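Participant: got a sequence here, can you build the structure:
(chains A and B)
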Amino acid sequence: MRPLLVVILAAGLVAILQISIKEQMEQRRLEEKLGYLPRKEVLKVMGLDHRGLLGQYIFFKAMTYYGGKIDPFLGSKGIEYYNMYRFIDAATYLDPYNIDAYYFTEAVFTWGIGRIRETNRILQRGLHYRYWDPMLPFFIGFNYFYFLKDYERGARYIQKVAEMQKSSFYTSLASRLLYEANRTDLAIDFLQEMVKEITKENLRRPLLKRLEALKMVKKIEDAMEEFQRRFGRRPHSIEEMVTTGILDQVPQDPYGGRFYIDNSGKVRSTSRFAPARRKQWNR
Amino acid sequence: MLKDIINIAGVTFKGGLRSRLFLTIVVLALLVFLILIPSMSSFSMRQIREVATSLSLSVISFILLVLTIFLSITLIYRDMESRVAISVLSLPISRPAYIIGKYLGLVVTLVFTTLILFCISVPGLIISDALYKTDMPIKWSNYMAATFTELLKMLIIGAWGVLLSSFATNAFLPLFGTVGIYIIGTLTQSIYDYIRSPYGEELPAIAVIGSKIAYYLFPNLTALDLKFKAIYNLPLSYGYLGTVSLYSLTYITVVLSLAVLAFNRRQIL
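Facilitator: Below is the predicted model:
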C-alpha cells in the first residue's frame, strides 16, 4: 500500500507545481523578451545537417514574438525590432528559401517601421535563392519606387517580375517607372521586348498602346533637346515647337489626353497614360 | 563464406525484431508523422508543406542516427562482453565473415527502418499538402532521393561504428567516435568552404592543411544532405545521385576493410 500512497502524493504535488509553473509562465508572456541569438555563422555550424529546420524554428520564434507583442488597440510599443531583424536575418541565412520569412520582413519592416534598405538586403538573399519566385523582385522593386522613390532601380526589379510572369500588368508598371525615371528610351526597349514575348492578343493590346504613347513622349523629348540646342532655352509648350518647325504637328496621346510640358520640363499628358474612366462611375 | 555472412546478418536483423525495435519505431513514427508534424507545420503561413517535409526529413534523419549509433556500438561490443563472439568464432566462421555479416545485419535493419519511416511519413505529408494549396506541391522523387541519402549517411556512420568497435575494449570509444564522425562529417564542407573564402587567407598554414586532410579523410556528409532539394523542389540530377551513391559505397568498403584488418589482429580471449 505504501508505494501507491507515495505515487499518489507525488503525483498530487507534481500537479500543484505544474499549475504554479503554468501561472508563472503566463506571467512571463507579458514581458517576454525575444532573447539572445548567437551569430548566424555559429548557428549554421551548430545546426549540423538540420540547419533548415533550425532556420524555420528561429523564424517561428520571431513571428510568434511579434504576434504576441502587437496589440490591435495599443499598437506595437516596446517591440525589439532590431533583435527581430537579427532573428529574421539568421533564419533566412540558415534557410534562404523560407518564403514566409520574406513576406513577414516585407510586411513588418517596411510598412511598420520604414527600414527599407535593411528589408531589401534580406529580400535580395531570397531573390538569389528563390530565383523562380516573382514575389521577391516585386517586393524589392516596390520598395525602391514606393518608399525610396528610386524609379530606375524599382523598374529594374519590376522588369524581372514581368519577365518571370510574362504579364502585361508588370510590363506596364515597369515601363511607367522607367518613364518616371526619365528613361523613356529604356522603357520603349523594354516594352518592345515584352510585346514580342507576350503572344496573347488581349494582353498585347494594352502594351502596344503604352508603347505607342511612350514613342510619342520620346518624340517630344527629342524635339525638346533640338529646341534647346537651337535656341538655348527650354520650350514653353509643345505648340511652340510646332510653330518653330521642330515638330510637324502636336503628337496624339493614344489614351485620348493632351500632351504638355510640366514645370520641371517633363512631358506629361492630361490622360496620365491611363484609359479614360467609364462614365457610369462618375455620377 | 557468403553463407556465413548472410547467416550472421540474418541473426543480427532478427535480434532487432526480437527486441521489438521496429514496433517502437512504428508507434513513434505514427505519433510524430501523422499527428505532430501536420499540426506543427500548420503554424506556417504559406509553406505548410515545406515545413512538414523539413520536419519529416529531420525526424527520419534523427531516428536513423540514434539507431545507427546505438546498434553499431552494441553489435560487436555486446557480443564481446557476453562472450557470444567467442563461441561464434569457435565455429568454422572467419573473422571477416563475422564483421561483414554484422555490418550487413545493421544495413538490413537500417533499410527496413527507413522504409517504415518513409511509408508512414507519406500520409502525413499528404495531409499537410492538403492544408494549403501551393504552386509547389511535393515532388516525391526528390523526397525519396533525400530519404535515400539520409540512409547512405547512416550506413557510412555505421561502418565507422563497426570499425571503432572492432578494436575498442570499451563502449565509450565507439559511442563518442561515431558521434564525432557524424559532427565532423557534417562540418568538413563548411570548413573547407571557409578556408577557400577570403577569410581563410588569414588562417595559419597548419590549420589550412589540417582542414584539407580532414576534408578528404572524413566522410562528406553535406554532399549527402538533400533536404533543401526535397523541401523546395530544387533541381536534382540522377548523375549527382549516382556519384554520391558510388562515393558512399566505396567509402564504406574502405572503412569496412580497415575494420576487418583491425579485427583480424584482435586478441579474443
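
Participant: contacts, neighbours, all on C-alpha from now
Facilitator: Will do.

Participant: what's the neighbour count on the residue of the stretch 151-283 of chain A at minimum distance from chain B?
Facilitator: Nearest to chain B in the stretch 151-283 of chain A, going by CA to the nearest CA, is A:Q165, at a distance of 13.6 Å. A:Q165 has 15 neighbours, counted by other CA atoms under 10 Å in any protein chain shown.

Participant: OK, contacts around residue 192?
Facilitator: Picked chain A for this. A:Q192 makes contacts with A:L211, as judged by CA atoms under 8 Å, 6 or more residues apart in numbering or on different chains.

Participant: um, chain B though
Facilitator: By CA under 8 Å, 6+ apart, the neighbours of B:Y192 are B:211-212, B:215.

Participant: sec struct for it, please.
Facilitator: Here B:Y192 is recorded as helix under DSSP: H, G, I helix; E, B strand; the rest coil.

Participant: same question for A:G256.
Facilitator: Assigned state for A:G256: coil (three-state reduction, three-state DSSP).

Participant: which pLDDT value goes with it?
Facilitator: Note on A:G256: pLDDT of 86.

Participant: what's the end-to-end length of stretch A:259-266?
Facilitator: Start to finish, the residues bounding stretch A:259-266 are 10 Å apart (CA to CA, to the nearest Å).

Participant: so which bits of it are buried?
Facilitator: Using 16 or more other CA atoms under 10 Å in any protein chain shown as the test for burial, stretch A:259-266 gives A:259-261, A:266.

Participant: what do you get for stretch B:209-224?
Facilitator: Residues B:211-212, B:214-215, B:219-224 are the ones in stretch B:209-224 that count as buried (16+ other CA under 10 Å).

Participant: which residues touch that stretch?
Facilitator: Applying CA under 8 Å, 6+ apart, the external contacts of stretch B:209-224 come out as A:49, B:146, B:149-150, B:152-153, B:156, B:181-182, B:184-189, B:191-192, B:244, B:251.

Participant: for it, the averaged confidence score.
Facilitator: The model assigns stretch B:209-224 a mean pLDDT of 90.

Participant: does A:G245 belong to a helix or a strand, and which?
Facilitator: When secondary structure is defined by DSSP states H and E, A:G245 falls outside every helix and strand.

Participant: what helix or strand is the residue of the stretch 151-269 of chain B found nearest chain A located in?
Facilitator: Residue nearest to chain A within the stretch 151-269 of chain B (CA to the nearest CA): B:T186, separated by 5.9 Å. Assessed by DSSP H and E, B:T186 sits inside helix B:172-196.

Participant: could you check the pLDDT of residue 175?
Facilitator: Because you didn't say which chain, this covers chain A. Predicted confidence (pLDDT) for A:S175: 78.

Participant: right idea, wrong chain: chain B
Facilitator: Per-residue confidence (pLDDT) for B:L175: 90.

Participant: so where do the helices sit in the stretch 1-150 of chain A?
Facilitator: For the stretch 1-150 of chain A, helices defined by DSSP state H, counting those that start in this stretch occupy the ranges A:2-30, A:40-46, A:51-69, A:81-94, A:99-105, A:116-129, A:135-142.

Participant: how about the contacts made by the residue positioned nearest the centre of chain A?
Facilitator: Central residue of chain A (CA atoms, centre = their mean): A:F139, 2.1 Å from the mean position. A:F139 is in contact with A:106, A:123, counting by CA under 8 Å, 6+ apart.

Participant: list the contacts for A:L214?
Facilitator: Going by CA under 8 Å, 6+ apart, A:L214 touches A:179, A:184, A:187-188.

Participant: let's go with 10 Å and repeat that
Facilitator: By CA atoms under 10 Å, 6 or more residues apart in numbering or on different chains, the contact list for A:L214 reads A:175-176, A:179, A:184-185, A:187-188, A:191, A:208, A:220, A:253-254, A:273.

Participant: how about TSV for these, with secondary structure, neighbour count and distance to B:L117 added?
Facilitator: Shown next, in TSV, are those (DSSP: H, G, I helix; E, B strand; the rest coil; neighbours: other CA atoms under 10 Å in any protein chain shown; distance: CA to CA, whole Å):
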residue	secondary structure	neighbour count	distance to B:L117
A:S175	helix	29	53
A:R176	helix	20	54
A:Y179	helix	23	57
A:T184	helix	20	59
A:D185	helix	16	59
A:A187	helix	28	55
A:I188	helix	21	57
A:L191	helix	24	53
A:L208	helix	17	56
A:I220	helix	23	70
A:D253	coil	22	66
A:P254	coil	19	64
A:F273	coil	18	60
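
Participant: contacting chain B as well, which ones from these?
Facilitator: Among the contacts of A:L214, no residue is within reach of chain B (CA under 10 Å from any CA of the partner chain).
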